[in-house]
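J.: following is a predicted model, sequence given first.
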Amino acid sequence: MANRISEEARKLILDDLILIGSCTGRQYVVEFVKRVYPDIEKMPNQVINDIARHMDGFNDWDFMYLFDSVIKLTKVSDEKFILFCEQYVHPIFRREHYDRETDETIDPTVQCIEAINKGLSDVGLILKPTSQTAGRDIYKVLPITQGAQNPIKNIIFAAKYKPDIVLDDALSNGVRVVDANGALIYDEGIPTEGISWNKLIEWYKVYSLEDTENNLAKRLYECLDSNVEKLFFKSYIIYMKEAGKDIPALIPQVYLYYDPKTQSERNLKIFEHQKMDFILIVSPTQRIVIEIDGQQHYADDSIAPETEYKHYASPSRYAEMMKAHREMCINGYDVYRFGGKELWVGGGLSEEDIIANNKKFFKDLFGKYRIV
């Protein structure tokens with residue numbers, strides 16, 4: 001996936017950290033590098049030997065050279081740069097030093113955190129304390145807008161028919177799928193960079209080892225219920241081929257809520273709807289729901305009393321939809337809605353027009369999340 005943290009932002013962060021000083025605390029530079037950049041262990045031994053000789057020995061390399069030219073922190077993936085930031089402020093690097101002028105012991109860790117957060121703010125990220133070790137804070141890079149906080153255990157998607165699900169541990173709400181009933185079940189955990197189209201292809205190899213990508217796209221397309229949903233998915237595939245396969249995967253027909261009984265069995269509706277039309281997993285906490293609203297979202301199907309009109313406006317149905325929308329937002333989901341007519345061929349809109357509009361939406365959406 002394309003890096004969201006620009007080279008310029010990284011350079012500013014690194015410059016500030018070097019100006020603050022005491023980069024390694026009381027550690028040797030080699031030990032410092034092994035912690036903040038574990039990939040150094042995969043590099044030739046000569047690289048580690050050179051760091052030890054030139055920085056712990058002769059001291060003729062500076063930290064800017066180390067960061068820029070040796071471990072190349074301005075070029076590495078976001079995931080590796082984020083790990084660097086998190087480990088840089090780990091309490092193992094004790095940076096306290098005695099200031100003779102003020103007769104005080106100074107700990108520049110707060111300055112380091114502020115410098116990193118200033119550089120990450122443009123991409124909506126922030127270092128925050130999430131745990132402790134020996135009474136000292138451990139920091140993680142998190143979205144400024146926290147998003148959904150409950151971790152994803154399973155993604156049940158591409159579902160045309162309701163799967164059979166039970167609790168296999170009622171005390172911890174452990175879910176077990178007895179019969180997927182044609183649905184796909186993703187349960188491999190969410191990486192830092194979310195679930196990209198490439199990641200989904202790699203995962204789908206357990207179902208289709210040959211021609212995996214085409215078979216995956218066909219499987220997801222065929223699970224969709226309406227022509228407007230299919231055209232929206234087709235637009236994504238066209239956009240993805242232009243933007244690259246590292247953008248978040250557009251995952252259709254995802255169960256967000258689940259009631260094992262039908263509405264007729266209960267004589268009431270527990271959830272307004274159980275499946276989301278589409279979801280994109282940007283990160284473990286950032287999840288984008290896309291809903292395509294047909295007439296069933298705001299109109300009653302039955303004929304209005306004492307009239308011949310069907311699909312008449314229903315304030316009750318619209319209110320139920322808005323309530324469900326609020327609940328998703330409160331739970332940390334970013335929700336984007338389309339009116340079905342926006343995706344309906346006819347009335348002055350051709351399929352090419354709709355695909356162009358949808359491609360612009362994806363470009364603007366991923367631009368907002370700084371993905372492309």
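T.: Received it, and whenever you're ready, just let me know what you need.

J.: okay, helices next: where are they in the stretch 51-200 of the chain?
T.: Along the stretch 51-200 of the chain, counting by DSSP state H, counting those that start in this stretch, helices occupy 63-65, 78-88, 109-120, 197-204.

J.: list the buried residues of the longest one.
T.: The one in question is helix 109-120. Going by neighbour count (16 or more other Cβ atoms under 10 Å), the buried part of helix 109-120 is 109, 111-113, 115-117, 119-120. To be clear about C-beta, it is placed using only N, CA and C from the backbone, and glycine gets the same treatment.

J.: same question, stretch 206-218
T.: Neighbour counts using 16+ other Cβ under 10 Å place 212-213, 215-217 of stretch 206-218 among the buried residues.

J.: can you give me the pLDDT of the spatially closest residue to residue 344 that is not a sequence neighbour?
T.: Closest residue to residue 344 apart from its sequence neighbours, by Cβ to Cβ, 6 or more residues apart in numbering: residue 228 at 5.9 Å. At residue 228 the predicted local confidence, pLDDT, stands at 91.

J.: what's near enough to touch residue 228?
T.: Counting by Cβ atoms under 8 Å, 6 or more residues apart in numbering, residue 228 touches 292, 294, 340, 343-344.

J.: out of these, which is most surrounded?
T.: Highest neighbour count within those: residue 343, with 23 neighbours (other Cβ atoms under 10 Å).

J.: what is the neighbour count of residue 181?
T.: Counted with other Cβ under 10 Å, the neighbours of residue 181 add up to 14.

J.: list the contacts for it?
T.: Residues near residue 181 by Cβ under 8 Å, 6+ apart: 159, 161-164.

J.: what do you get if the cut-off is 6 Å, keeping everything else the same?
T.: Applying Cβ atoms under 6 Å, 6 or more residues apart in numbering, we find residue 181 in contact with 161, 163.

J.: other SSEs contacting the strand or helix carrying residue 359?
T.: Residue 359 belongs to helix 351-368 when assigned by DSSP states H and E. Using 3 or more Cβ pairs under 6 Å, 6 or more residues apart in numbering; DSSP states H and E, the elements in contact with helix 351-368 are helix 227-243.

J.: could you tell me which residues within the helix it packs on count as buried?
T.: Buried positions in helix 227-243, judged by neighbour count with 16+ other Cβ under 10 Å: 228-236, 239-240, 243.

J.: model confidence for the nearest residue to residue 180 once chain neighbours are set aside, exactly?
T.: By the measure of Cβ to Cβ, 6+ apart, the closest residue to residue 180 outside its immediate chain neighbours is residue 163, 5.0 Å from it. Predicted confidence (pLDDT) for residue 163: 73.

J.: quick one, what contacts residue 163?
T.: Neighbour list for residue 163: 177, 180-181, 183 [criterion: Cβ under 6 Å, 6+ apart].

J.: let's see which of the residues you listed end up in strands.
T.: Residues from the contacts of residue 163 lying in strands, with DSSP state E as the criterion: residue 177.

J.: ok, of the contacts of residue 163, which come out buried?
T.: Among the contacts of residue 163, those classed as buried by 16+ other Cβ under 10 Å are 177, 183.

J.: greatest separation within the contacts of residue 163: which pair is it?
T.: Using Cβ to Cβ, those reach their maximum pairwise distance at 177 and 181, which is 9.0 Å.

J.: ok, and the closest non-adjacent residue to residue 35?
T.: Ranked by Cβ to Cβ, 6+ apart and with sequence neighbours excluded, the top spatial neighbour of residue 35 is residue 87, at 5.2 Å.

J.: out of the helices of the stretch 51-200 of the chain, which comes closest to residue 150?
T.: The closest approach between residue 150 and any of the helices of the stretch 51-200 of the chain, judged by Cβ to Cβ, belongs to helix 197-204 at 20.7 Å.

J.: residue ranges of the strands in this structure, please?
T.: Applying DSSP E to the chain gives strands spanning 97-99, 104-106, 125-133, 136-143, 155-157, 164-169, 174-179, 184-186, 251-255, 275-281, 287-293, 299-300, 312-313, 333-339.

J.: what angle sits between the fourth one and helix 78-88?
T.: Counting by axes from the mean of the first three to the mean of the last three Cα atoms, to 10 degrees, strand 136-143 points 160 degrees away from the direction of helix 78-88.

J.: counting contacts, what elements does strand 136-143 pack onto?
T.: helix 78-88, strand 125-133.

J.: how about the first one: buried residues?
T.: Taking 16+ other Cβ under 10 Å as the neighbour-count basis, helix 78-88 is seen to contain the buried residues 78, 80-88.

J.: next: the shortest one.
T.: Across strand 125-133, burial judged by 16+ other Cβ under 10 Å covers 125-127.

J.: any idea which of those residues is the one closest to residue 67?
T.: Distances from residue 67 to these, taken as Cβ to Cβ, are shortest for residue 127 (17.9 Å).
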